[in-house]
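Trainee: Mind folding the following:
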Amino acid sequence: MKSFQNSRLILLLQSGSLVFLSVLLGILLMKSLWFCSLFTFFVILLFILHIDKQQQKLTEMVMRLITAIRFSDFSLSFRPGSKKQADPRLTQAMEQALKQFREKMYTLEEQHLYYNTLLSTIDSGILVLNRNGTIEWYNKTVLREFGLTSLRQLSELAAITPDLPDLLLRLIPGETHILRLEQVGRVREIALNPVIFRIQGKELLLISLKNIHSVLENNEIEAWQKLIRVLTHEIMNSLAPIISLSETLTERVARTTTEDATSPVMLQALEAIHRRSKGLLEFVQNYRKLTRIPAPELVPLSLEELFTGLRKLHATSVIPCEFICHDPRLQIQADRTQIEQVLLNLIRNAEEACRDIPAPLIRITTQSDTTQITIHVEDNGPGIVPEALDKIFVPFFTTKSGGSGIGLSLCKQIMTLHKGNITVKSQTGAGSVFTLSFRR
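Mentor: Okay, the predicted model is just below:
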């Protein structure tokens, strides 16, 4: 404050001196003192040039400061004492002001970088749109969830699902919408949560995307496991005494005299009870496997080596089985024993499906991209009826007579334990394709 008061005092002195010299020049001219008048005129002229030069310096400094702020040029510096600068006190004040502005801009830039990095690395997708459908910002998770490499316009999402762009714009803030997507063998349920906010007078729609497929799968598997545990416990507790009693009664009836006409009939009935009870017990014990799958021991597993082992197992198979690994270097993190069991189950199902067709063929192939590695088990059998596709991995469900409904359920659980996925595509009369997906 004191420096500005001093600057004002200097300006007043300069103005007063200029007025005094002007009056003096008038007096000298009236007295015809030409030499003194000429000298005084030059002094006044020098005074004016000096003031103009100071004003130009001040104007130049202010313009440089404004330009620096406008273009965020933080390299500008006002050094007190430089001949090119105006009043040193004013120069110092402008340097301090620029320094504070520079520090605030650096702080804002660091905060922007921090939040941008934070939003880019979280596992939830963030998509920001304006009400015209223009994309303002998105993070990498959005690309991963939609299986894209870039996203410039909202209309590009129509390639995934035709009504997806309109669906995103029609989301109601505060309500969660579950979007089901199926791409390249991957099935995902994505929770969409929209929020409307304003920034700089512009209304924006922020949509968070969260893949809840694994959560839903885990909850479903946990529910089935609890149900199976309860059922197997109750059924086995009831079957054990029935089997024991039927064996005891069978032995007693067998020792009775042959004259008793009811003995053979009773013996047959007891044997039927015993046989059916043991069959039911075996059925229940099979389902107990679904609740006792060990945690996979994940190791690098070469798909070429895996296919070589499976190829040897099916060397004598009646139905041709092709194993094609498109890249011998492909590896997945998996438990070899469990993945072999999954593939053997799928191949066995494919063989049963192709048994009655003229030219059966089973193909096991691989595919990979930047996010996942997939194994496809394809057959040219009769296919699966559409109404069975949604239930095919559900425990107890089977499309085969005499089937237990455990094989594909077991495959599903093993893939879930590997943090992978198993899906099926089938067309009646054109065969089926089961796809195992593993994250890279």
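Trainee: Any stretches of the stretch 301-440 of the chain with poor pLDDT?
Mentor: The stretch 301-440 of the chain contains residues with pLDDT under 70 at 396-397, 399-405.
Trainee: And the helices in it?
Mentor: 303-313, 336-354, 386-389, 407-417 (DSSP state H, counting those that start in this stretch).
Trainee: Against Leu129, how distant is the nearest residue in space to Leu157 that is not next to it in sequence?
Mentor: Of all residues not flanking Leu157 in the chain, Leu164 sits nearest, at 4.4 Å (Cβ to Cβ, 6 or more residues apart in numbering). In short, each C-beta sits where N, CA and C put it, glycine included. From Leu164 across to Leu129, the span is 12 Å (Cβ to Cβ, to the nearest Å).
Trainee: For Lys419, what are phi and psi?
Mentor: phi 60, psi 30 (degrees, to the nearest 10).
Trainee: Does it touch Arg439 like I think?
Mentor: Yes - here Lys419 reaches Arg439: they are 6.2 Å apart, a contact under Cβ atoms under 8 Å.
Trainee: Mind checking which of Leu164 and Leu129 has more residues around it?
Mentor: Shown here are Leu164 and Leu129; by other Cβ atoms under 10 Å, Leu129 has more neighbours (21 against 18).
Trainee: I'd say the more buried one and Leu169 touch.
Mentor: Yes - if you go by Cβ under 8 Å, Leu129 and Leu169 touch, sitting 7.1 Å apart.
Trainee: hang on, the earlier thing: single out the most deeply packed of the helices of the stretch 301-440 of the chain.
Mentor: Most buried of those, by mean neighbour count (mean count of other Cβ atoms under 10 Å): helix 407-417, with a mean of 21.
Trainee: helices and strands around it, which ones?
Mentor: helix 213-255, helix 336-354, strand 421-427 (3 or more Cβ pairs under 8 Å, 6 or more residues apart in numbering; DSSP states H and E).
Trainee: Export the helices of the stretch 301-440 of the chain to CSV and append columns for distance to Glu297.
Mentor: Output for these, formatted as CSV (distance: least, Cβ to Cβ, whole Å):
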stretch, distance to Glu297
helix 303-313, 15
helix 336-354, 8
helix 386-389, 32
helix 407-417, 11
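Trainee: Ok, which of those helices comes nearest Glu182?
Mentor: Glu182 sits nearest to helix 386-389 of all the helices of the stretch 301-440 of the chain, at 11.2 Å, using Cβ to Cβ.
Trainee: Would you mind writing the CA trace of that closest one as CSV?
Mentor: C-alpha atoms of helix 386-389 as CSV (Å, rounded to 0.1, in the frame of the first residue of the first chain):
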residue,chain,number,x,y,z
PRO,A,386,-33.9,-72.0,-27.6
GLU,A,387,-35.9,-72.5,-24.4
ALA,A,388,-33.2,-74.6,-22.9
LEU,A,389,-30.3,-72.2,-23.5
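Trainee: Now do it: distance to the chain's middle.
Mentor: Offset of helix 386-389 from its chain centre (Cα atoms, centre = their mean, to the nearest Å): 29 Å.
Trainee: Please, which helix or strand holds the spatially most central residue of the chain?
Mentor: Closest residue to the average C-alpha location of the chain: Thr141 at 3.8 Å, with Cα atoms, centre = their mean. Under the criterion of DSSP states H and E, Thr141 resides in helix 140-146.
Trainee: What are the buried residues along the very next helix or strand once past that helix?
Mentor: Sequence order places helix 164-169 as the next helix or strand after helix 140-146, per DSSP H and E. Buried residues in helix 164-169, counted by 16 or more other Cβ atoms under 10 Å: Leu164, Pro165, Leu168.
Trainee: Which of those residues lies at the shortest distance from Tyr106?
Mentor: Looking across the buried residues of helix 164-169 and measuring by Cβ to Cβ, the closest to Tyr106 is Leu168, at 36.1 Å.
Trainee: Tell me the spatial nearest neighbour of that closest one, not counting adjacent residues.
Mentor: Ile207 (6.2 Å).
Trainee: Okay, and the one you found sits in which element?
Mentor: Per DSSP H and E: strand 202-211 holds Ile207.
Trainee: for the record, mean pLDDT for that strand?
Mentor: For strand 202-211, mean pLDDT is 85.
Trainee: Stretch 112-130 too?
Mentor: 80.
Trainee: Now do it: distance from first to last residue.
Mentor: End-to-end distance for stretch 112-130: 20 Å, by Cα to Cα, to the nearest Å.
Trainee: for stretch 162-178, same thing?
Mentor: 16 Å.
Trainee: all strands of the stretch 1-150 of the chain, in order?
Mentor: Ranges of strands within the stretch 1-150 of the chain are 125-130, 135-138, based on DSSP state E, counting those that start in this stretch.
Trainee: So which of these is the most surrounded?
Mentor: strand 125-130 (a mean of 19).
Trainee: of all the helices of the stretch 301-440 of the chain, which lies closest to Met30?
Mentor: helix 407-417 (109.3 Å).
Trainee: relative orientation of the closest one and helix 336-354 in degrees?
Mentor: With axes from the mean of the first three to the mean of the last three Cα atoms, to 10 degrees applied, the angle from helix 407-417 to helix 336-354 works out at 150 degrees.
Trainee: With only the CA atoms kept, save helix 407-417 in CSV.
Mentor: Presented in CSV, the C-alpha positions along helix 407-417 are these (Å, rounded to 0.1, in the frame of the first residue of the first chain):
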residue,chain,number,x,y,z
GLY,A,407,-21.8,-81.6,-15.8
LEU,A,408,-22.3,-78.1,-17.2
SER,A,409,-23.0,-76.8,-13.7
LEU,A,410,-19.7,-78.1,-12.6
CYS,A,411,-18.0,-76.4,-15.7
LYS,A,412,-19.7,-73.1,-14.8
GLN,A,413,-18.4,-73.2,-11.2
ILE,A,414,-14.9,-74.1,-12.3
MET,A,415,-14.8,-71.2,-14.7
THR,A,416,-16.2,-68.9,-12.1
LEU,A,417,-13.4,-70.0,-9.7
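Trainee: now the angle from that helix to strand 421-427?
Mentor: 140 degrees.
Trainee: ok, back up a step: and the buried residues of helix 164-169, which is closest to Ser426?
Mentor: Leu164 (24.9 Å).
Trainee: what residues are up against that closest one?
Mentor: By Cβ atoms under 8 Å, 6 or more residues apart in numbering, Leu164 lies in contact with Leu157, Ala158, Leu179.
Trainee: measure it to Glu145 for me?
Mentor: 12 Å.
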